[in-house]
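S.K.: can't give you the sequence, but here's the structure:
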């Protein structure tokens with residue numbers, strides 16, 4: 001009735017309607033929002049026609065008919081049927097099968113399996129429903145369990161019980177999950193192939209997912225030394241999921257497929273980060289400043305098999321991920337803004353230069369030159385860790 005749809009209920013008499021309209025008036029005076037009578041409807045049930053006409057005349061609303069839709073859901077006086085919700089199901093399925101949702105299959109994995117560490121929500125929902133299954137199997141002392149036993153089970157064995165088609169949608173869903181997880185119910189207890197014992201949603205979730213292969217680059221991408229946006233880009237590179245020209249063309253996107261940095265060949269991930277003249281000039285400039293060799297073509301393998309202390313490996317990997325980010329950022333500027341910065345300028349920007357000038361340039365052969373324990377806090381002199389951290393935080 002206002003900016004958003006609102007449903008209000010009252011008795012079907014003129015007095016109740018007058019009180020409702022007075023409430024509208026008070027609300028409008030306080031907030032400045034006005035009722036849109038032309039877009040509002042009144043629905044009646046078991047109200048005499050004469051009284052309906054009187055209420056419509058007082059309110060100025062039009063008479064609506066049941067069933068109607070509210071926020072996409074059909075509202076009717078009888079129980080909803082499957083076909084009544086088909087339009088809503090179709091919209092949800094279209095969203096689930098959309099381009100962005102397809103890519104979520106990567107994200108819904110632990111990090112060591114190549115994901116972003118997010119839970120698979122469908123599987124997690126099953127694990128949470130499994131808690132209800134466990135409550136019934138353990139015959140816990142709750143009103144809901146007693147109600148289920150008296151209205152549905154009626155003395156039947158829970159693990160062998162089959163729900164009828166007349167049961168509610170929620171109850172059929174619980175029974176479906178029960179059928180899926182009963183293989184883990186052995187000798188009166190849950191055995192998730194992890195640790196026998198009581199039911200836990202986490203154990204059930206792990207049991208549903210099973211054992212999956214681990215990726216070798218997890219420590220290279222999810223490196224505590226690198227910025228989160230650099231880590232995320234490294235994750236996309238590892239999955240070859242960057243929206244480069246060659247990949248977008250496969251989805252039917254009409255875009256210039258030439259590399260926006262060199263303009264010589266078609267843009268691919270390997271060319272962009274390994275073979276492009278622009279990227280190689282940035283790498284050469286960084287090699288001069290650090291005396292490190294960055295083999296971009298084997299970026300993930302190089303990051304995984306670095307030697308040295310934790311500090312050395314962390315900063316080297318962070319620099320490699322930062323290099324990928326800088327190249328990708330310049331590529332986007334070239335595509336969108338038609339602007340291209342000199343590679344030597346990119347390699348010498350504050351985010352790189354201050355970091356290197358902080359003393360890491362003297363780090364040859366695996367040793368940090370100068371500095372002491374007091375320098376770690378980022379003060380003046382040969383401070384390494386604190387200075388690097390401060391520089392990265394304020395310049396990226």
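M.R.: That came through, no problem. Just so you know, these numbers come straight off a predicted model, no measurement behind them.

S.K.: ok, which stretches of the protein are strands?
M.R.: Remark: strands assigned in the chain by DSSP state E are 41-42, 62-63, 68-70, 73-75, 185-186, 189-190.

S.K.: between those, which one is nearest to residue 242?
M.R.: strand 73-75 (39.3 Å; C-beta to C-beta). (Each C-beta comes from the backbone N, C-alpha and C, glycine too.)

S.K.: off-centre distance for that closest one?
M.R.: 29 Å (C-alpha atoms, centre = their mean, to the nearest Å).

S.K.: what is it packed up against?
M.R.: With contacts taken as 3 or more C-beta pairs under 8 Å, 6 or more residues apart in numbering; DSSP states H and E, strand 73-75 sits against strand 68-70.

S.K.: hey, which of the strands of the chain is tucked in deepest?
M.R.: Greatest average neighbour count among the strands of the chain goes to strand 189-190 (a mean of 18), per mean count of other C-beta atoms under 10 Å.

S.K.: dump the residue contacts of the nearest residue to residue 132 once chain neighbours are set aside.
M.R.: Nearest in space to residue 132, with sequence neighbours left out and distances taken as C-beta to C-beta, 6 or more residues apart in numbering, is residue 174 at 5.5 Å. By C-beta atoms under 8 Å, 6 or more residues apart in numbering, the contact list for residue 174 reads 129, 132-133.

S.K.: hang on, the earlier thing: can you put the strands of the chain in CSV and add mean pLDDT?
M.R.: Listed next are the strands of the chain as CSV, based on pLDDT from 0 to 100:
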stretch, mean pLDDT
strand 41-42, 85
strand 62-63, 86
strand 68-70, 78
strand 73-75, 78
strand 185-186, 74
strand 189-190, 72
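
S.K.: domain assignment for the chain?
M.R.: The chain breaks down into these domains under automatic domain parsing: 14-78, 117-209, 218-348.

S.K.: sketch out the low-pLDDT regions of the stretch 1-150 of the chain for me.
M.R.: Applying pLDDT under 70 to the stretch 1-150 of the chain flags residues 1-4, 96-108.

S.K.: deepest of the domains of the chain, which one?
M.R.: domain 218-348 (a mean of 17).

S.K.: how far away is residue 157 from residue 139?
M.R.: Separation of residue 157 from residue 139 (C-beta to C-beta, to the nearest Å) stands at 12 Å.

S.K.: could you do residue 44 as well?
M.R.: 47 Å.

S.K.: before we move on, what about residue 198?
M.R.: Distance from residue 198 to residue 139, by C-beta to C-beta: 14 Å.

S.K.: coming back round to it: in TSV: the domains of the chain, plus distance to residue 85.
M.R.: Converted to TSV, these look like this (distance: least, C-beta to C-beta, whole Å):
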stretch	distance to residue 85
domain 14-78	7
domain 117-209	10
domain 218-348	31
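
S.K.: how about those domains, which one is nearest residue 7?
M.R.: Using C-beta to C-beta, the domains of the chain put domain 14-78 closest to residue 7, at 6.4 Å.

S.K.: what about that closest one, distance to the chain center?
M.R.: Computed by C-alpha atoms, centre = their mean, the chain-centroid distance of domain 14-78 equals 40 Å.

S.K.: tell me the pLDDT of residue 177.
M.R.: Residue 177 is assigned 92 on the pLDDT scale.

S.K.: what's the answer for residue 170, then?
M.R.: The per-residue pLDDT reported for residue 170 equals 91.

S.K.: residue 232 now?
M.R.: We have a pLDDT of 90 for residue 232.

S.K.: before we move on, what about residue 386?
M.R.: pLDDT at residue 386 comes out at 36.
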